[in-house]
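> What follows is a predicted structure for the sequence shown.
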Amino acid sequence: MWTFAEKERECERRFEKSGPFWHLYTDGRIMEDFLYTEEDFKIAMTALAVATILFRKVRIITFELMSNHIHLILSGEAEDCLELFDKFKVRLRRVLKTNGRVIYWDTFKADILPVETLNALRNEIIYVNRNAFVADPRFTPFSYPWGGGCAYFLPSFHRLPAKPLKESGFNKAREMTRFREVRMIEEMKFVGDIAYIPSFCRIDIGESMFRDARSYFNSLTRNAEAFSQIAQRLKDSVFLTDDEMYAAATMYAEKTYGNRQLTLLTSEQKIQMSKELHFKYNASNQQIRRLLKLDIGILNELFPQQSS
């Protein structure tokens, strides 16, 4: 049984060996929704898988496909990571165009930021794997099917009946991947008609950056400060759920006013707290309204909404 220190040293060794790491993302504030249906998400994940398998200079550590933006945690050189994105975008654009969709692709542009320490990488992985969970109350960090989080530290996921593409037959494989040269990607796997995430995403490398499953699980809900810093770097809108924002608000209220009950705060105290939640935790005006029962008109005056 390894000690805490031994586990941490091993994680540091793996980090140094496997990098450099990057967080590549697109801005959902300027991009319209381009993934609407389950079929759209299947197409997008397959396009990402094909691009990754064909372009072996970059490894995906985790990812999240959202309706109007994406997040990728990558290992490789920065210019290669951006080239992978371009290849993915070309494939996705081509397939969605054949489906009769009209999308303004010029706004689907990638930015990339370095991830320079082991702790930063852990936080970035967690941040990406929480993305859909924060945005949509239907999901947990383990249940969103269009990202790597559903495969992290879940042995049952690796027991799914994944079938190698080459076993599907040539014509079926071309139909599933929308790709002619299927022999170039025959190691890719599918579960039914959905790309099998571990066949193109290096979940094993991502998991190896955490001491164990428990440390990963604890990080999912206990790093509000780190999530705040990442959100500010990415200019993300919301990064805490209402429940998590409520916990942050009650802690602030108790520390500042000696009272955890938000309903008992004065109007002046609520205004002060709204600034704390907005600037430190990136809370949206609607989130603050729900938590503090403040008038949305007042909040819009305090924190004017950016026009797109």
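Looks like it came in fine. Residues are numbered from 1 along each chain as shown.
> Which is the succeeding secondary structure element to the biggest helix by length in the chain?
As assigned by DSSP state H, the longest helix anywhere in the chain is helix 78-98. Once helix 78-98 ends, the next helix or strand along the chain (criterion: DSSP states H and E) is strand 110-115.
> in that following strand, what's buried?
For strand 110-115, the neighbour count (16 or more other C-beta atoms under 10 Å) marks 110, 113, 115 as buried. No exception for glycine: its C-beta is placed from N, CA and C like everyone else's.
> same check, this time on stretch 77-85
Applying a neighbour-count criterion of 16+ other C-beta under 10 Å, one finds 80-85 buried in stretch 77-85.
> isn't there a helix covering K57?
No: under the criterion used here (DSSP: H, G, I helix; E, B strand; the rest coil), K57 is coil, not part of a helix.
> quick one: the nearest residue to it once chain neighbours are set aside and L65, what's the gap?
Leaving aside its sequence neighbours, K57 sits nearest to D80 (C-beta to C-beta, 6 or more residues apart in numbering; 4.3 Å). Per C-beta to C-beta, to the nearest Å, D80 is found 20 Å from L65.
> swap in R138?
16 Å.
> A44 contacts T37, correct?
No: applying C-beta atoms under 8 Å, one finds A44 not in contact with T37, separated by 10.8 Å.
> Comparing the two, which residue is more hemmed in?
Set A44 next to T37 and count neighbours by other C-beta atoms under 10 Å: A44 wins out with 23 against 9.
> what mean pLDDT does the strand or helix carrying that one have?
Counting by DSSP H and E, the element that carries A44 is helix 38-54. The average pLDDT within helix 38-54 is 93.
> Residues contacting it, please?
34-35, 58-60, 63, 65, 84, 87-88, 91-92, 95-96, 99, 145-146, 176-179, 184-185, 187-188, 193-195, 197, 199-201 (C-beta atoms under 8 Å, 6 or more residues apart in numbering).
> ok, and for it, which residues are buried?
Buried residues in helix 38-54, counted by 16+ other C-beta under 10 Å: 40-53.
> got the angle between the helix or strand just after that helix and helix 78-98?
Using DSSP H and E, the helix or strand that follows helix 38-54 in sequence is strand 59-65. Angle of strand 59-65 versus helix 78-98, following axes from the mean of the first three to the mean of the last three C-alpha atoms, to 10 degrees, is 40 degrees.
> what mean pLDDT would you report for strand 59-65?
For strand 59-65, mean pLDDT is 97.
> swap in stretch 131-147?
The pLDDT scores in stretch 131-147 average 88.
> thinking again about what came up before, what's the angle from the helix holding A44 to strand 59-65?
Using the same axes, to 10 degrees: helix 38-54 against strand 59-65 is 170 degrees.
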